[in-house]
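Q: One predicted model, sequence on top.
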Amino acid sequence: MGEPLIADKEKSSPVDPKRSVAGISVRDGKVFIARRIPGGAMGERWEFPGGKVEPNESDEEALVREFQEEFGVPVQVGKHLGSAVFEHKSIPRQLHAYEVIFQSDQFILCEHTDWCWISLDDIEKIDFADSDRKLIPSLREHFPA
């Protein structure tokens, strides 16, 4: 498959140490989500995959790394879809969502027990990460039902 592709050659602005990213993949009107492994505050909750942006790493580079680490697949990172602010251990964090396109569907679940494609409406009915839930209004603007 080759190297993962980053759609925009420019890196994101300097990274805030309290910045996280979420990758949003859409197919047939449904978004890709995954269920975290048991343990910790996020254990067994569904989420949009992603994670913390490391020092000297762009948002796009963080997403490419996270999808490789968590699912063993390369992704192409597309446009910025929205952002939200949430608290983790009483510390405000920024969460930025980007469109991602899978370069492979051969997922290896490393930090999750399950994955699925689901409508934004159905996310409201499951145990979904509160931080990621805050992205749904922005996603509805980009992907109306």
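A: That came through, no problem.
Q: Every contact and neighbour count from this point should use C-alpha atoms.
A: Will do.
Q: Go through the chain and flag its longest helix.
A: helix 59-71 (DSSP state H).
Q: and the residue most central in space within the chain, what element?
A: By C-alpha atoms, centre = their mean, the mean C-alpha position of the chain lies nearest to A22, the distance being 2.3 Å. Taking DSSP states H and E as the criterion, A22 maps to strand 19-24.
Q: quick revisit: after the longest helix of the chain comes which helix or strand?
A: Beyond helix 59-71 in the direction of the C-terminus, DSSP H and E gives the next helix or strand as strand 75-88.
Q: What pairs with the helix or strand that comes right after the strand holding A22, parallel or antiparallel?
A: Per DSSP H and E, the first helix or strand lying C-terminal to strand 19-24 is strand 26-27. Sheet pairing here is set by DSSP bridges, and for strand 26-27 it gives strand 30-36 (antiparallel).
Q: Go through the strand it pairs with and flag the buried ones.
A: K30, V31, F32, I33, A34, R35, R36 (16 or more other C-alpha atoms under 10 Å).
Q: How far away from the center of its chain is whichever helix or strand comes after it?
A: Scanning forward in sequence from strand 30-36 by DSSP H and E, the next helix or strand is strand 46-47. Strand 46-47 has its average C-alpha position 9 Å from the chain's average C-alpha position, going by C-alpha atoms, centre = their mean, to the nearest Å.
Q: helices or strands next to strand 46-47 in the packing?
A: strand 30-36 (3 or more C-alpha pairs under 8 Å, 6 or more residues apart in numbering; DSSP states H and E).
Q: now the strand it packs on and strand 19-24, what's the angle there?
A: Angle between the axes of strand 30-36 and strand 19-24 is 130 degrees (criterion: axes from the mean of the first three to the mean of the last three C-alpha atoms, to 10 degrees).
Q: can you dump the C-alpha coordinates of strand 30-36 into CSV?
A: Extracted C-alpha coordinates of strand 30-36, given in CSV (Å, rounded to 0.1, in the frame of the first residue of the first chain):
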residue,chain,number,x,y,z
LYS,A,30,-22.2,6.0,8.5
VAL,A,31,-19.1,6.8,10.6
PHE,A,32,-16.4,4.4,11.8
ILE,A,33,-16.2,4.0,15.6
ALA,A,34,-14.4,1.5,17.8
ARG,A,35,-14.9,0.2,21.3
ARG,A,36,-11.9,0.6,23.7
